[in-house]
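In: my questions are about this predicted structure, shown below with the sequence.
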Amino acid sequence: MTAQGLPMAVPSEGLPPRVRIHEVGARDGLQNEQRTVPTEVKAEFIRRLADAGLSTIEATSFVHPEWVPQLADAERLFPLVNDLPVALPVLVPNERGLNRALTLGARRIAVFASATESFAKANLNRTVDEALAMFEPVVRRAKDQKVHVRGYLSMCFGDPWEGPVPIHQVVRVSKALMDMGCDELSLGDTIGVATPGHVLNLLSELNEEGVPTSAIGVHFHDTYGQALANTLAALQHGVTTVDASAGGLGGCPYAKSATGNLATEDLVWMLHGLGIETGVDLGRLTATSVWMAAHLDRPSPSRTLRALSHKE
């Protein structure tokens, strides 16, 4: 990539020196695609993302094929990439999913909870507390086997059925996930309605209730163009783990108002402009997203990707 394709680095005081990007394109991104991507293409996508310098790449989900048919090939896909020298977390919905993941050698798993009753019903056909009860033995068994566990929490800022979500409600479920043994918590703005002040208030409340910033990641959607602003607010609070999706792939099949995830290219451009290390080669990442967009036969929504592509 030419110098014109890199931002001028101007560090800002008070921000972390390095951020770990939790890449979700291969799982959260592709699960929302109408067309099913061939297993070999998914494996190549993950390999290219690793080659671009991403150190954490969420590979797939061990859910029942009827729930997410786009990821029905988890057993075939995971062995094709498990040799990569990167972290490859996988989503597991229950003990059956955990068994499938452990059989293939997965060492990092994630469970997916909801801060709201409406989304818990739509996504898991359970109440919030019933879902937490389902996850508890999954997390306990994973920790017994020294497997890293991430707890996703969706609808942390707004819900399409319930509207704005009270902060105390999010804190309660967050604490439940951490208390059952999760190593890490990812706060999801599933429908993209968060704003920076809301983000800072939630992070402060979590800290006050004993959830350390070091255990928190953020997962923003760009529905209202707020994802980067919200990310910057989280960085100012000390958060060092940010979820993003190559090319801005993804949304949520159970919440129709959820548009794409924060594009990894847009995130990397901002972080590098702030002088924050990511380990990611923006040129290789952009080329990977262009390659995947061609397989999906549609352009990427990433503004950075489009801008850099026009420069070539």
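Out: Nice, I can see it.
In: CA only for contacts and neighbour counts going forward, please
Out: Noted.
In: pretty sure A293 is in contact with S300, am I right?
Out: Yes: between A293 and S300 there is a contact under Cα atoms under 8 Å: 6.1 Å.
In: who touches both of these two?
Out: G247 (Cα atoms under 8 Å, 6 or more residues apart in numbering).
In: so between the two, which is more surrounded?
Out: S300 (20 against 17; other Cα atoms under 10 Å).
In: burial of Y224, as a residue count?
Out: Counted with other Cα under 10 Å, Y224 comes out at 12.
In: residue contacts, it?
Out: 192-193.
In: measure it to L232 for me?
Out: Separation of Y224 from L232 (Cα to Cα, to the nearest Å): 16 Å.
In: surely G217 touches S186?
Out: Yes: taking contacts as Cα under 8 Å, G217 lies within contact range of S186: 4.5 Å.
In: okay, and the common contacts of those two?
Out: With Cα under 8 Å, 6+ apart, G217 and S186 have no common neighbours.
In: what about this protein, any weak spots by pLDDT?
Out: 1-4, 251-259, 311-312 (pLDDT under 70).
In: try it again with 50
Out: Low-confidence segments of the chain (pLDDT under 50): 1-3, 252-258.
In: ranges for the helices of it?
Out: 39-51, 74-81, 95-103, 117-124, 128-144, 167-179, 196-208, 227-237, 264-273, 282-296, 303-311 (DSSP state H).
In: if I look at V19, how far off is S55?
Out: 11 Å.
In: more neighbours: those two, which one.
Out: S55 (21 against 18).
In: contact partners for the residue lying closest to the more buried one once chain neighbours are set aside?
Out: Among residues not flanking S55 along the chain, V86 sits closest, at 5.0 Å (Cα to Cα, 6 or more residues apart in numbering). V86 makes contact with 50, 54-57 under the criterion Cα under 8 Å, 6+ apart.
In: of those residues, which is the most crowded?
Out: For these, the largest number of neighbours (other Cα under 10 Å) sits with I57, at 25 neighbours.
In: ok, that one touching V24?
Out: Yes: using Cα under 8 Å, I57 makes contact with V24 at a distance of 6.2 Å.
In: how many residues are close by D179?
Out: 12.
In: now it: how far from L98?
Out: 19 Å.
In: then A294?
Out: Where L98 is concerned, A294 sits at a distance of 33 Å (Cα to Cα).
In: again, but for H64
Out: 12 Å.
In: which of these two has more neighbours?
Out: The residue with more neighbours, out of H64 and L98, is L98; 23 against 14, by other Cα under 10 Å.
In: wait, that one touches S61, no?
Out: No: using Cα under 8 Å, L98 is not in contact with S61, being 10.1 Å away.
In: overlap in contacts, the two.
Out: With Cα under 8 Å, 6+ apart as the test, L98 and S61 both reach V92.
In: of the helices of the chain, which is nearest G248?
Out: Ranking the helices of the chain by proximity to G248 (Cα to Cα) places helix 264-273 first, at 6.7 Å.
In: how far off centre is the closest one?
Out: With Cα atoms, centre = their mean, to the nearest Å as the basis, helix 264-273 stands 16 Å off its chain's centre.
In: let me see the residues that make contact with that helix.
Out: So helix 264-273 is contacted by 6-11, 23, 228, 244-248, 277-278, 280, 282, 285-286, 302-305 (Cα under 8 Å, 6+ apart).
In: right, and G5 touches S309 too?
Out: No: look at G5 against S309 with Cα under 8 Å: they stay out of range, at 9.4 Å.
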